[in-house]
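Trainee: Fold the following.
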Amino acid sequence: MALIPELVEMAARHGASDREKISSSLTEAARSQSSMLRALLDNAELDETGFYRELTEKFHLPWGGADIAKATPELRAKLPARIALRYQLLPVGVENDQLTLLTYDPFDLLARQAVAEAVPQRVRYEVYTRKGILPALRQVYGIGAETFEELLEGRDSDELDQVRGDEVNVLDENESEEASVKKFINQVIREALRERATDIHVEPLSDDLRVRYRIDGVLQEVPVPAQMRKLQRSVINILKLTAGLDLGEDRRPQDGRISLELGGQPIDVRVASIPTINGESISLRLLGKEVFSLERLGLDDDYAGKIRELLAMPNGIILVTGPTGCGKSTTLYTFLSGLNTKERRILTIEDPVEHKLPGVNQSAVQPDIGNTFANLLRSFLRGDPNVIMVGEMRDYETAEIAIRAALTGHLVFSTLHTNDAVGGITRLLDMGVEPFLVASAVRAFLAQRLVRRLCPVCKAPAQPGDYSPAYLRSIGFPPDYEPKIMRAVGCESCRQSGYEGRLAIVEICMVTPKLQEMITQRKTAADLRPAAEKEGMRPLRKYGFDKVASGQTTIEEVMRVTTADLSALDE
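Mentor: Below you'll find the model as predicted:
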């Protein structure tokens, strides 16, 4: 208890504002014999590095900042996972038969007692920040390491190599094994949600099992326990069982869903099983409850105004274009959410239904029973809708029915796979749609990409020499934007990536009378694109450079997702 006032004062000097709340949480932790420093970090926003440097100086404790980089997977055998992860202790080296552990709570006597019982050698403790220790622990031990350690304890290697997750009687006779594997799967999903991942990929290799998350559109490998290889069949087959897939079928792709609740948050997981030469690869798409709004898309005022103008139209087609994974579905859901009132009847055709929108009538494509995009859309026209959303225009029949719906007073949204907005025009013409129908029915083509947003904590101005003038000219970067370029740095907050979250960059091609005339005349994309720019369309790359100049993303991100804009290069 005597330590509490000193900790409160130190916390206040390093960013904590509510002293009364901190004192109360520390007192409660001391009374319940739990970690006081953990309670402090949970209840205060601190500059952890400054706080812990002062703590080590005041109490003459060794600082572990120089040793954090020495944490490697080879050291995990030195400290059992159940102790390392429970007390959040990180092994960083062994010298002269002495094990060095990093801790953010040097006053945790229970942790020291547990280590003394499990480690037969001398132990040296060094102090480091919790923000630094936790990601390093995941890297060293892998997700769910304590679960596998408990599961495999006391079982020999030959026995484990014979375990097969597709032998149902094995799971029936050993319920603890099934429960442990499910616990591990839950840990993987929880970690993915914490890291803002949209997808989890469980991929069998020739002699290992790899887990990767897609975070902000980029795949990142996740460290997993070394023991996971021995139970990879159980992991994959329990995922299949939970998703309602056929356990005996491993030669053909299968699709399923899992509905679960983690931490009070409902999560819908779309599961896809894909056969590979090393076994089945499982992909999980995480679909949590999302709030769809124009503000979340990050559009500037000009484009947000154009979108609102389009949504206010009584009829016509609005097409969102771009490659897979560019956020087209999110944009369509945003449009529908903005129009979802009790005065409108909204019908959707999707493949599959990714997010359930209250008040919207959503249908899933089922080709095996004849429920194709075209057939469902045809029946929708007899269902008295005001607004129709078609997940994708894949063929002439679907496009023709959608155009007929637009011409008979319906507002229709759909998507096309094209590289830019003007490409949507030529794509419809290539499908066989008559030019005069495209000109009269389509109101706008909206192309988009997703770029990673700079981490607000660590982003910094670009350094002189980072980008040569010749390079900036070659990509069409405006000269007056150059002093505003920011760069990704990387910190603990963004997992050293330099980015956190994503935003949309878009181009909107409004089908103006001038463009209607050119479409009717079957003008090519080479003629349509400059005309669209004269009519107010801002190309994707130029819009992206505006986001660079406002400090939201980087040149590298814009270049990664956009193709060459010839008109920009000519300027």
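Trainee: residue contacts, the spatially most central residue of the chain?
Mentor: Against the mean C-alpha coordinate of the chain, by CA atoms, centre = their mean, the closest residue is Ala197 at 3.1 Å. Taking CB atoms under 8 Å, 6 or more residues apart in numbering as the criterion, Ala197 is in contact with 213-215, 286. C-beta coordinates here come from the backbone N, C-alpha and C atoms, glycine included.
Trainee: and the two most separated of the residues you listed?
Mentor: Ile215 and Leu286 (11.2 Å; CB to CB).
Trainee: Neighbour count: the two, which is higher?
Mentor: Shown here are Ile215 and Leu286; by other CB atoms under 10 Å, Ile215 has more neighbours (23 against 18).
Trainee: My guess is that one contacts Arg196. True?
Mentor: Yes - assessed by CB atoms under 8 Å, Ile215 is found in contact with Arg196 at 6.0 Å.
Trainee: okay, how far is it across stretch 192-203, tip to tip?
Mentor: Taking CA to CA, to the nearest Å, stretch 192-203 runs 16 Å from one end to the other.
Trainee: For that stretch, the averaged confidence score.
Mentor: What stretch 192-203 shows for mean pLDDT is 90.
Trainee: Just the buried residues of it, please?
Mentor: Across stretch 192-203, burial judged by 16 or more other CB atoms under 10 Å covers 192-193, 197-203.
Trainee: Stretch 430-443 now?
Mentor: Neighbour counts over stretch 430-443 (16+ other CB under 10 Å) mark 431, 433, 435, 437-443 as buried.
Trainee: Can you flag which of the residues you listed belong to helices?
Mentor: Among the buried residues of stretch 430-443, DSSP state H puts 431, 435, 437-441 in helices.
Trainee: where exactly do the helices run in the stretch 51-200 of the chain?
Mentor: 81-87, 109-118, 130-141, 145-152, 157-161, 168-173, 175-194 (DSSP state H, counting those that start in this stretch).
Trainee: Going by mean pLDDT, which of those helices comes out lowest?
Mentor: helix 168-173 (a mean of 31).
Trainee: got the contact list for Thr72?
Mentor: With CB under 8 Å, 6+ apart, Thr72 has these contacts: Val140.
Trainee: I'd like to know how many residues surround Thr330.
Mentor: For Thr330, the count of nearby residues is 20 (other CB under 10 Å).
Trainee: what about stretch 427-439, start to end distance?
Mentor: 13 Å.
Trainee: no no, stretch 253-270
Mentor: 14 Å.
Trainee: Please tabulate the buried residues of stretch 192-203 in CSV, including the columns distance to Asp301.
Mentor: Shown next, in CSV, are the buried residues of stretch 192-203 (distance: CB to CB, whole Å):
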residue, distance to Asp301
Ala192, 35
Leu193, 33
Ala197, 31
Thr198, 28
Asp199, 32
Ile200, 37
His201, 38
Val202, 43
Glu203, 43
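Trainee: out of those residues, what pair is the most spread apart?
Mentor: Leu193 and Glu203 (19.9 Å).
Trainee: residue ranges with poor pLDDT in the stretch 251-400 of the chain?
Mentor: For the stretch 251-400 of the chain, the stretches with pLDDT under 70 are 263.
Trainee: show me where it has strands.
Mentor: 254-262, 265-276, 279-288, 316-321, 346-350, 361-364, 387-390 (DSSP state E, counting those that start in this stretch).
Trainee: For the closest residue to Leu209 other than its chain neighbours, report the pLDDT, please.
Mentor: Sequence neighbours aside, Gln232 is the residue nearest to Leu209 in space, at 4.0 Å (criterion: CB to CB, 6 or more residues apart in numbering). Gln232 carries a pLDDT value of 79.
Trainee: Show the contacting residues for Gln232.
Mentor: Neighbours of Gln232 in contact, by CB under 8 Å, 6+ apart: 204, 209, 279.
Trainee: nearest to Thr49, of those?
Mentor: Leu209 (36.0 Å).
Trainee: before we move on, back to that, take the contacts of Ala197 and lay them out in TSV including distance to Ile349 and secondary structure.
Mentor: Putting the contacts of Ala197 into TSV (distance: CB to CB, whole Å; DSSP: H, G, I helix; E, B strand; the rest coil) gives the following:
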residue	distance to Ile349	secondary structure
Tyr213	30	strand
Arg214	26	strand
Ile215	30	strand
Leu286	23	strand
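Trainee: Turn those residues into TSV, including distance to Arg538.
Mentor: Shown next, in TSV, are the contacts of Ala197 (distance: CB to CB, whole Å):
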residue	distance to Arg538
Tyr213	33
Arg214	29
Ile215	29
Leu286	33
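Trainee: Just give me the closest of the residues you listed to Glu500.
Mentor: Out of those, the member with the shortest distance to Glu500 (by CB to CB) is Ile215, at 9.5 Å.
Trainee: Contact partners for the closest one?
Mentor: When contacts are counted by CB under 8 Å, 6+ apart, Ile215 is found next to 195-198, 495, 497.
Trainee: Give me the subset of those lying in strands.
Mentor: Among these, the ones falling in strands (DSSP state E) are 197-198.
Trainee: what sits up against stretch 266-278?
Mentor: 189, 193, 203-206, 239-240, 243, 245, 250-261, 280-289, 352, 354, 356.
Trainee: Check which residues of that stretch are buried.
Mentor: 267-273.
Trainee: Same check on stretch 383-395?
Mentor: 385-394.
Trainee: returning to that earlier point: find the residues that touch each one of Ile215 and Leu286.
Mentor: The contact lists of Ile215 and Leu286 share 197-198, where a contact means CB under 8 Å, 6+ apart.
Trainee: follow-up on the earlier one: of the strands of the stretch 251-400 of the chain, which is nearest Ala304?
Mentor: strand 316-321 (14.7 Å).
Trainee: Quickly run through the sheet partners of that closest one, with directions.
Mentor: Strand 316-321 pairs in its sheet with strand 411-416 (parallel), strand 442-454 (parallel), by DSSP bridges.
Trainee: Dump that strand to CSV, keeping only the CA atoms.
Mentor: Taking Å, rounded to 0.1, in the frame of the first residue of the first chain, the C-alpha atoms of strand 316-321 are listed here in CSV:
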residue,chain,number,x,y,z
GLY,A,316,-31.1,5.2,-63.0
ILE,A,317,-28.1,3.0,-62.5
ILE,A,318,-25.0,3.8,-60.4
LEU,A,319,-22.1,1.5,-61.0
VAL,A,320,-19.2,1.0,-58.7
THR,A,321,-16.1,-0.4,-60.5
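Trainee: returning to that earlier point: need the strands of the stretch 251-400 of the chain in TSV (columns: distance to Cys509).
Mentor: Shown next, in TSV, are those (distance: least, CB to CB, whole Å):
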stretch	distance to Cys509
strand 254-262	34
strand 265-276	32
strand 279-288	30
strand 316-321	9
strand 346-350	24
strand 361-364	28
strand 387-390	19
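Trainee: So for Arg19, which of the ones you listed sits nearest?
Mentor: Nearest of the strands of the stretch 251-400 of the chain (CB to CB): strand 265-276, 32.2 Å.
Trainee: orientation of the closest one relative to strand 254-262 in degrees?
Mentor: Inter-element angle recorded for strand 265-276 and strand 254-262: 150 degrees (by axes from the mean of the first three to the mean of the last three CA atoms, to 10 degrees).
Trainee: So what angle separates the directions of strand 265-276 and strand 279-288?
Mentor: Counting by the same axes, to 10 degrees, strand 265-276 lies at 160 degrees to strand 279-288.
Trainee: Pull up the pairing partners for strand 265-276, direction included.
Mentor: strand 254-262 (antiparallel), strand 279-288 (antiparallel).
Trainee: excluding its backbone neighbours, what's nearest Gly544?
Mentor: Using CB to CB, 6+ apart and skipping residues adjacent in sequence, the residue nearest Gly544 is Val558, 3.5 Å away.
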